[in-house]
Every structure is written in structure tokens, then in C-alpha cells.
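>>> Predicted model follows, preceded by the sequence.
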Amino acid sequence: MSRPVLDIKDLSIAYRTPGGDVRAVSHVNLALSPGEVVGLCGESGSGKSTLAYGACRLLRPPAVITGGSVLYSGKRTGSATPVDILRVPDRDLRAIRWRDIAIVFQSAMNALNPVLRVRDQILDGIQAHLRLPRGEAQDKAAELLDLVGIPRDRLRSYPHELSGGMRQRVMIAMALAADPEVVIMDEPTTALDVVVQRDILAQIVELKERLGFSVLFITHDMSLLLELADRIAVMYAGQLMELGASADIKNMPAHPYTQGLLRSFPSLRGARRELAGIPGTTPDLRSLPPGCPFIPRCGYAVPACSEVDMSLARVLGAVDPGHVTACPIVTPESAATGVGAAGATVPSEAGASKEGALS
Amino acid sequence: MSTESASQATLQSVAATRGALALETTGLSKDFRLGRGKTLHAVRDVSLGLYKGAVVALVGESGSGKSTVARMLAGQEKPTAGTVTLDGQLVSVSGTRAFRRYKSEVQYVFQDPFGSLNPVHTVGYHLSRAVKLHQGRGINVQQQVIALLEQVRLTPAAQFIAKYPHELSGGQRQRVSFARALAAQPKVMLADEPVSMLDVSIRLEMLNLLDDLCKRLHLALLYITHDIASARYFADEVLVMYAGQVVERGPAEDITQQPAHPYTQLLIASAPDPDNLGSVLKSGNSALRAGGTASGPALVGCPFSTRCPLADDKCRAENPALHQLTAVRAAACWRLPEAAPALVGSAAVNPSSPERIVNVDK
């Protein structure tokens, strides 16, 4: 694997509240290689958006980054060593944002200014970050709309005159304005119909291959990620539960939470089977129990689970050498044969080695 | 759409195998006046039946009219044309006692569990109010509330009575909504996207609960969704709506495994598929974009003709009626021989047999 373009190391983020810190993200490691699509998946409140925004220093108090670093090593940084986004001066940060790391925000309905024409919004961004003369900037805006397949005459439209899918495309066009190396997409298709969703995803992939950027794709929809992403990171209660190649996650999910998520989507093909989802509710981040946060909802939980340190260890037998899991108790094999549920009383038989090998 | 009633005369619903007919609509339509002489045909000529103990799913994209159908069934909108009957009794939107009884027998569950409960009242208040209203005097309200909470598996029930909505998770709130609907002891439940606002991990649990309630209490359930995979999982019969019309209907399993209408085919091809690891998305294949999502439904002819790869002049001029394919399936398309050659050819010899229906039973 070549040097990652974005390398999140040991990042922790907390929300300061009068009732104590809410640890929204704790000790997350995640690397993004050039041209790669990494999917970040989890339920609401799992910290996936906080992680992505925190990595760009976009969070405002009461959110505070309590530790870690985010190393960015793009082609345009001009230095041989990676830049730590969490420590660069504000001026440099402004230059990195959008030009190098762009974000497509969650709901296109609210992310566009309703009283500005599409053209003016795109121009705003181009002028602030690229400093092009007005004429060139206007050509650029038109080119951007071509890129995402919107007719040029839509430049004069207001956001309310566009359909949801078109608004989302405008957002993507704006993110791509400065030819970024990393694009963070936060649930870009959640509010859209499936047909439009597939359309936009196909377009994202096509643009990614043409322009060569990397994508950090945040969603709660695991079934979508399996199709789209090269690698998938699964988050729960602010922690990384499992990380691995999509095919690996699909074929041999190691963490019980991942297994549960995969069981939460009815399939359109194959046998119709009884599915259960994951019982219980997401934990309160203010008072997490020691050890694994998934214990209350986990069918395999044993007393040793409350002493798990949540470090990621390689999954034995995985095709992807980077496939890691935070669960030392359950192995993909035991889950597949159903041994785990009844007989996971011997944690020493765990199949995951705790060497802590992590890219 | 004039030939519809003729072709539908013999069309049966798979949901009928589960129980007796509870609610039926024939030719239900709703127009909204937009001003300046314009009219929006939100729902056009929808006929469907809800059967006791069965789940019927209405599937479609936003704006396809599926919620308007539910609102008409709930008596919140007056149909422009068509009739609704409950247990054979004709229903009309009015202020009469009979209509009030209808409204208690047909209950609506809303999409948003965060907006449908009053934040200043406890769970107990929400439920006891519904119990008092619908079950009348001479009953033990407290006992009923506890029974309701147990029915939706909010246990221990006594603990939940004093809770406020903000103390509950999304799934728990939606359970309270279910319980509130059940307080009226309804015959029919209309669930409008009941799980789309909930976390993915608890959606199936909620659908399983709905399914269980439906079977145990012999409720006739209308499940409205944009997620055709969940309709396959959960429903007996699926009706696919596009631009206010039912374009295809039939047993959930048949429709999802062998869609006949080009729109249903597009819908199923577009749904994320976990088993499709070597997906077109990864290779950047944009063939699907031929679907042309930029254009809205056509005003003349088949509404899907603007996006349909098979559309010809006839499609653009005339709106097709539902054409019966088997004893339990129908699709509204002029080009069915091309869109679904296997189905049209075998229609006469191979109707969906009862065994097939039993096989898909969960």
C-alpha cells in the first residue's frame, strides 16, 4: 500500500457537557490511500460524522479534540513530510480545506443557500479558494455542472427549483471545484430515492476514477457500502469495531456488531430468511461500561468482555491482511458455525491474535 | 385506464389467503388543485384490498402518491373519485358517528416517532388518553395501558408509563406509537414508513414486531415504504406505485424475483445489494444512468414513458391499464412482451400456485 493521503491516528474527540465529557470518538485509527473509497459505517450517534468533521477541524465547542493527529500528505502540500491538520496554523488550514480536502455535507436540502442562485454559490467557493478572475470562474462553474451532468442553464436556478438529486449533484460539483485529493461524503444519498441514489453513486465512482481523488464515505447503510467501498470501517459508540476489505467484511465479518449489521438488511435476492437485526439500543456515551461497549447487545458476551481493551488485532484467516477487529472473543469461524452463541465461554480459544498489527 | 375494472375482475390478492377482506378501495383517485387551472393527479384509480392478518406493501419513490393513498384510507383526505369500504360498509368522510367509528377502526402510524409524540406528556398519558377515547367507560385504564405496552414489548411496562418521549430511544418511541394505535383496537393499521427514521440495526426488530402484531391480532396492515427489499421481507402482496398509479402488483416474492414492469425492474436494479460485491459501481459502469432520473413523469400516456428504455409512440400517447399476468399478478405496461417475455408467455399455463404462496411464508 502506498503512503496514505489521509492518516487519522489515535484520534479522540469529546463533547464537553455539564454532566461530564461525552466521548464521541475514542482512539480511532483510519488511513485513506490515494484513489481509495473507504466506507465509514455505524448507527446514529456512533461518532462517524464527528470523526470526519474532527479530522478537518470543523468542530466547534463544546466539541474538543482530546488527542491524536491527522496526517495529510497530498501532492500539493509542498513538503516531503505529512502535515498534521490538527496542528497547522489557521491560514494553512484554510488552504487545505476544500482545495485538498472537500466535504459533501449531509443534507443537500439545507446545505445550499436558498436565496442565492446556484451560480453565485459555486462562484463564492471558487473565488475564495482558487482566486480566479471572474470570467474564468464563471467558465469553471459551468464546467463543474457539466461534470455532474446538470444542464448549464441551471446555473441561474435557485436551489428550490432543483430536485433533491440535482441539489446533491450541485453539492458534489462544488466539492470538486478545486480538484481535491480527498472528498469526505457524509450520507450524501440518504434522503434520495433509490434510483437517484444509484445514479449519483455511479457518478461519484466515475468521477473518482477520472479525477483520482480518495473518498471517505459516511453512511449507516451497510449494504450500500459493500457495493461501493474498497474498505469498510465499522464504528460503534465512538470506537472502531472492525476494519477490512469489503469482500472480507461481507464474507467473514469478525465482530459480532458487524455480523449484526449485516443481518439487519433484508436481501432482494436469495432465500427469504428470518432476520433479527440487533436487539437493544445504542449505549449512553456518558457512561460507557468498561471494556467493549457492545456487551449489552452482544449475543456472545462473556465476563472477559469487560476487560477487552478495544485495540484492533488481525483477523486470522482473513484474505485482507489489513482486516482487523476489536473483538478477541468471537472468531468468524465460530460465528459461522454457531458455536459462539452457546460455547463462547472459553475466551482463550479466541482466534484473533493480539499483536496489535495495524497499518 | 377505462379497461382496468374489466381486466381486474378476476385478479386475486395473495393477501386474501391470510384472512377475510377488511378494507377495500376501488378506483380511488385524488386530485389537488394547484391554481391557474392546473391539477395534480396525486393518485389515479387505485384499487386494493387489505386482508386480516396480511401485510400489503405500497412501494414507490417520494411523490408517487403512496402516502396520499394512506391518508385517504385514514379519512384525512376526501377522495376525488372512488370508494372505500370497511367490512363491506361504504365509508364517506363526514362528521357522523359512523365515520368516527371508522376512524378508530383504521389507525395510522406515522413515520417520525420524534414528531408524533407530544414532548410534554408521558407515555402513560399518550396511551391512557387513547384508551379512554376509544375503549369507553367501565374499563381499567391503567391495566389496559400496561397490556398495550406489553403487547409492543416495552417491558417492564410499569417503568415506561412515567417516561417522557425524550427519555426513550427512537425504537422505543415508535413502539409507543404502535401501542397508541392499538389502543383503539383497530381492524386496520396504516403504517407510513414506520421504520425509515430508525437506526438500521433495530428496523428489522420493529418489522418483526409489526408482523407479529398483525398475525396475533388479525390486523390488516398497509405497509408504505420506499425500500422494496423490506417489502419483500415483510409483505404478502406488493403494489408498486409510480406517479400516482399502481404500475405493478402481485405476491412480494414474485414481484421482487421476477419484476414485469420496467419501473419495478429499475427499482430492483437500483436497490443496494450486499451480495453484489463485483458491482457496477466499483467498475464505474454508468449504464444505469440511461434511466434518466432528471425527467419527471409524463403528463400524457404512460407516466413512466419519459424514463423507460422501451417506450415507443403508443406509450407516449396512451396510458396502459393493469394487465393481468397470472391469477395474482398484474402490470400496467404496453411493452410487457418485451419487458417480461417469460411472464407474458407463461401466463396462461403457469399461474402462481397456492403452494408457491405457502413457500414464501415466513
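Nice, thanks for sending it over.
>>> so where do the strands sit in the stretch 101-250 of chain A?
A:101-104, A:182-186, A:214-219, A:231-236, A:239-245 (DSSP state E, counting those that start in this stretch).
>>> Reformat those into TSV and put mean neighbour count and mean pLDDT next to each item.
Any C-beta I mention is one placed from the backbone N, CA and C, and that applies to glycine too. Output for the strands of the stretch 101-250 of chain A, formatted as TSV (neighbours: other CB atoms under 10 Å in any protein chain shown; pLDDT from 0 to 100):
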stretch	mean neighbour count	mean pLDDT
strand A:101-104	25	90
strand A:182-186	24	91
strand A:214-219	25	92
strand A:231-236	26	93
strand A:239-245	26	92
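>>> pLDDT below threshold where in the stretch 101-250 of chain A?
Flagging of the stretch 101-250 of chain A using pLDDT under 70 yields the residue ranges A:108-109.
>>> So which bits of it are right by chain B?
A:149, A:163-166, A:193-199, A:201-203, A:205-206, A:208-209, A:220-224, A:226-228, A:230, A:246-247, A:250 (CB under 8 Å from any CB of the partner chain).
>>> same thing but 6 Å
Counting by CB under 6 Å from any CB of the partner chain, the positions of the stretch 101-250 of chain A adjacent to chain B are A:165, A:193-196, A:198-199, A:201-202, A:205-206, A:209, A:220, A:223-224, A:226-228, A:247.
>>> Now restrict these to buried residues only.
A:165, A:193-196, A:198-199, A:201-202, A:205-206, A:220, A:223-224, A:226-228, A:247 (16 or more other CB atoms under 10 Å in any protein chain shown).
>>> Might you specify the subset of these located within helices?
Within those, residues falling in helices by DSSP state H are A:165, A:194-196, A:198-199, A:201-202, A:205-206, A:223-224, A:226-228, A:247.
>>> is it true that B:Tyr51 touches B:Gly19?
Yes: here B:Tyr51 lies in contact with B:Gly19, judged by CB atoms under 6 Å, at a distance of 5.0 Å.
>>> Contact residues of the stretch 1-150 of chain B facing chain A?
B:61-62.
>>> ok and the residue in the stretch 1-150 of chain B nearest chain A?
Ranked by CB to the nearest CB, the top residue of the stretch 1-150 of chain B for proximity to chain A is B:Glu61, at 3.9 Å.
>>> count of neighbours near that residue?
Residues near B:Glu61, counting by other CB atoms under 10 Å in any protein chain shown, number 19.
>>> My assumption is that it lies in a strand; please confirm.
No: checked against DSSP: H, G, I helix; E, B strand; the rest coil, B:Glu61 lies outside a strand; its state is coil.
>>> Would you list the phi and psi of it?
Note on B:Glu61: its backbone torsions stand at phi -80, psi 170 [degrees, to the nearest 10].
>>> Could you name the residue of the chain that is farthest from its center?
Answering for chain A, as no chain was given. In chain A, the residue that sits farthest from the middle, by CA atoms, centre = their mean, is A:Gly135; the gap is 36.3 Å.
>>> oops, chain B please
In chain B, by CA atoms, centre = their mean, B:Gly138 is the one farthest from centre (35.8 Å).
>>> can you tell me which helix or strand that one belongs to?
Per DSSP states H and E, B:Gly138 falls between elements, in no helix or strand.
>>> now do A:Asn29
Going by DSSP H and E, A:Asn29 is in strand A:20-32.
>>> in that strand, what counts as buried?
A:22-32.
>>> before we move on, what about stretch B:209-218?
Across stretch B:209-218, burial judged by 16+ other CB under 10 Å covers B:209-211, B:213-215, B:217-218.
>>> quick one: average confidence on it?
Across stretch B:209-218, pLDDT averages out at 91.
>>> Tell me the one among the ones in helices among the buried ones among the residues of the stretch 101-250 of chain A next to chain B nearest to A:Ala318.
A:Ala247 (10.1 Å; CB to CB).
>>> Strands of the stretch 251-362 of chain B, start to end?
Along the stretch 251-362 of chain B, counting by DSSP E, counting those that start in this stretch, strands occupy B:323-324, B:330-331.
>>> Which element, helix or strand, includes the closest residue to B:Ala184 other than its chain neighbours?
Closest residue to B:Ala184 apart from its sequence neighbours, by CB to CB, 6 or more residues apart in numbering or on different chains: B:His134 at 4.0 Å. Using DSSP H and E, B:His134 falls within helix B:123-135.
>>> do the same with B:Leu40
Under the assignment here (DSSP H and E), B:Leu40 is part of strand B:38-51.
>>> Tell me the confidence at the residue farthest from the centre of chain B?
Value listed for B:Gly138 in the pLDDT field: 77.
>>> ok, now which ones touch it?
By CB atoms under 6 Å, 6 or more residues apart in numbering or on different chains, no residues touch B:Gly138.
>>> B:Ala16: what secondary structure?
Put simply, B:Ala16 is helix when judged by three-state DSSP.
>>> thought it was touching B:Tyr51?
Yes: counting by CB under 6 Å, B:Tyr51 is a contact partner of B:Ala16 at 5.4 Å.
>>> So these two - more neighbours on which side?
Using other CB under 10 Å as the criterion, B:Ala16 and B:Tyr51 rank with B:Tyr51 on top: 25 against 16.
>>> Flag the shaky bits of chain B, pLDDT-wise.
B:1-9, B:274-296, B:345-362.
>>> thinking again about what came up before, what helices or strands is the strand holding B:Leu40 leaning on?
strand B:21-35, helix B:66-73, strand B:220-225 (3 or more CB pairs under 6 Å, 6 or more residues apart in numbering or on different chains; DSSP states H and E).
>>> Repeat the analysis, applying 8 Å as the threshold.
helix B:4-8, strand B:21-35, strand B:55-59, helix B:66-73, strand B:81-86, strand B:220-225, strand B:237-242, strand B:245-251 (3 or more CB pairs under 8 Å, 6 or more residues apart in numbering or on different chains; DSSP states H and E).
>>> Each with direction, which strands does the second one pair with?
Neighbouring strands of strand B:21-35 in its sheet, by DSSP bridges, are strand B:38-51 (antiparallel), strand B:81-86 (antiparallel).
>>> Quickly compare those and say which is most buried.
Mean neighbour count (mean count of other CB atoms under 10 Å in any protein chain shown) peaks for strand B:38-51 among the strands paired with strand B:21-35, with a mean of 20.
>>> could you give the angle of it to strand B:55-59?
160 degrees (axes from the mean of the first three to the mean of the last three CA atoms, to 10 degrees).
>>> Please save the CA atoms from strand B:38-51 in PDB.
C-alpha atoms of strand B:38-51 as PDB (Å, rounded to 0.1, in the frame of the first residue of the first chain):
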ATOM      1  CA  LYS B  38     -53.600  23.300 -13.100                       C
ATOM      2  CA  THR B  39     -54.300  20.000 -11.400                       C
ATOM      3  CA  LEU B  40     -52.000  17.500  -9.800                       C
ATOM      4  CA  HIS B  41     -53.300  13.900 -10.100                       C
ATOM      5  CA  ALA B  42     -51.700  12.600  -6.900                       C
ATOM      6  CA  VAL B  43     -53.500   9.300  -7.000                       C
ATOM      7  CA  ARG B  44     -55.100   7.800 -10.000                       C
ATOM      8  CA  ASP B  45     -57.500   4.800  -9.900                       C
ATOM      9  CA  VAL B  46     -56.000   2.800  -7.200                       C
ATOM     10  CA  SER B  47     -57.900  -0.400  -6.200                       C
ATOM     11  CA  LEU B  48     -56.500  -2.500  -3.400                       C
ATOM     12  CA  GLY B  49     -57.700  -4.800  -0.600                       C
ATOM     13  CA  LEU B  50     -56.400  -5.200   2.900                       C
ATOM     14  CA  TYR B  51     -57.000  -8.600   4.500                       C
END
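>>> Check the offset of it from the chain's centre.
Centre-to-centre, strand B:38-51 and its host chain are 12 Å apart (CA atoms, centre = their mean, to the nearest Å).
>>> Report the inter-axis angle for it versus helix B:66-73.
70 degrees.
>>> which stretches of the stretch 251-359 of chain A have low pLDDT?
A:331-359.
>>> Show the contacting residues for the residue lying closest to A:Ile8 once chain neighbours are set aside.
Setting aside the residues directly before and after it, A:Ile8 is nearest to A:Leu30 in space (CB to CB, 6+ apart), at 4.5 Å. Counting by CB atoms under 8 Å, 6 or more residues apart in numbering or on different chains, A:Leu30 touches A:8, A:38, A:40, A:51, A:233, A:240, A:243.
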